[in-house]
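**Student:** generate coordinates for the sequence data below:
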Amino acid sequence: MDAPKGLIHFSNTPIGNELNDSSKNMKILLGVINLAFVVSAIYWPANLLLIAILLIVIDVILIRSLISASALVPLAVNLNHPFMESEPIAKSEIMVKFSEEWIDPGVHRLKLAKDSLSCWVIHRQDDDLTVLSIWDTNLKESVLNRHLGVINQAISLNNAVNGSNDEFEDARERESLESTLLEREWLPEEEIDVQGPISRIFSNE
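**Tutor:** Presented below is the predicted three-dimensional model:
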C-alpha cells in the first residue's frame, strides 16, 4: 500500500514501527513455543497428544493475533504530523485509504458502521454523520475498529497541530442523530493504546 507523494505510510512512522516490533515479538514467541513442543515430544512422548492439542490451540490464538497485528493501517501522514516525533514546521497532513483512492478525512473523527447490504461504511462524526467512504476490506470487525482508533488519534493530533476544532466532544452530543439512521448498524470504537510518543504528546499539553 504505497503512500501518496509527500506522505509517509503509518507503518513507516516511529509509531508504526512500535507496532511492527510487537508483531516481530509475537513471531519470536510463536517460534519458541513450537521449539518447546519439539523438545517436549522428545522427553515426554507419553504426553505427546496432550502437548500437541495445547500447541495447536496456542498457535491458532497467536497466529490470529499476528495476522491482525500485521494488517496495514490505511493511513499516511506528512513530516509535520506528531506521529513522526519531530517538531512541525508547517501544516500537518493526513490521508486515509478505505477503497481505491487516498482521501483527506477532514477534521472530524470517524465512525464505523454496517449498512443494510452488510458493507462497511465510514462516517464522519459531523452534524449530518456524512458518509466518507465505503471500506473495501475482508478484515474482521475488531481489526477495523483498532485501525480506526489509530486513524482517529491521527486526526485529533492533526487538528491540534493545525489549530482545527476537535469534534470528539461535540460528537457525543450528536448521538441522538444516530436514531435517524436505523438502517445502519453502529459498531463500538476501539482505540489502540499506543504508548510512548502519543502519551508524551498528550501529557505535555
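**Student:** where do the helices sit along this structure?
**Tutor:** 14-43, 48-70, 141-162, 168-173, 197-203 (DSSP state H).
**Student:** and residue 78, how close does it get to residue 35?
**Tutor:** 43 Å (Cβ to Cβ, to the nearest Å). Placement of C-beta: from N, CA and C, glycine included.
**Student:** give me the number of residues near residue 76?
**Tutor:** 26 (other Cβ atoms under 10 Å).
**Student:** pLDDT score for it?
**Tutor:** Note on residue 76: pLDDT of 95.
**Student:** how about residue 160?
**Tutor:** 93.
**Student:** still on that earlier bit, more neighbours: residue 78 and residue 35, which one.
**Tutor:** Shown here are residue 78 and residue 35; by other Cβ under 10 Å, residue 78 has more neighbours (20 against 10).
**Student:** who's in contact with the residue nearest to the more buried one when sequence neighbours are not counted?
**Tutor:** Sequence neighbours aside, residue 93 is the residue nearest to residue 78 in space, at 4.3 Å (criterion: Cβ to Cβ, 6 or more residues apart in numbering). Residue 93 makes contacts with 6-7, 77-78, 80-81, 104, 158, as judged by Cβ atoms under 8 Å, 6 or more residues apart in numbering.
**Student:** now, of those residues, which are buried?
**Tutor:** Listed as buried from these are 7, 77-78, 80-81, 158; burial here means 16 or more other Cβ atoms under 10 Å.
**Student:** re the thing from before, tell me the pLDDT at the residue nearest to residue 78?
**Tutor:** 95.
**Student:** go on, residue 139?
**Tutor:** 84.
**Student:** tally of neighbours for residue 156?
**Tutor:** Neighbour number of residue 156 under other Cβ under 10 Å is 19.
**Student:** where does this protein have low pLDDT?
**Tutor:** 1, 18-30, 41, 46-48, 51, 59-71, 165-205 (pLDDT under 70).
**Student:** wait, residue 11 sits on residue 73?
**Tutor:** Yes - using Cβ atoms under 8 Å, residue 11 is in contact with residue 73, at 7.1 Å.
**Student:** thanks a lot, catch you later.
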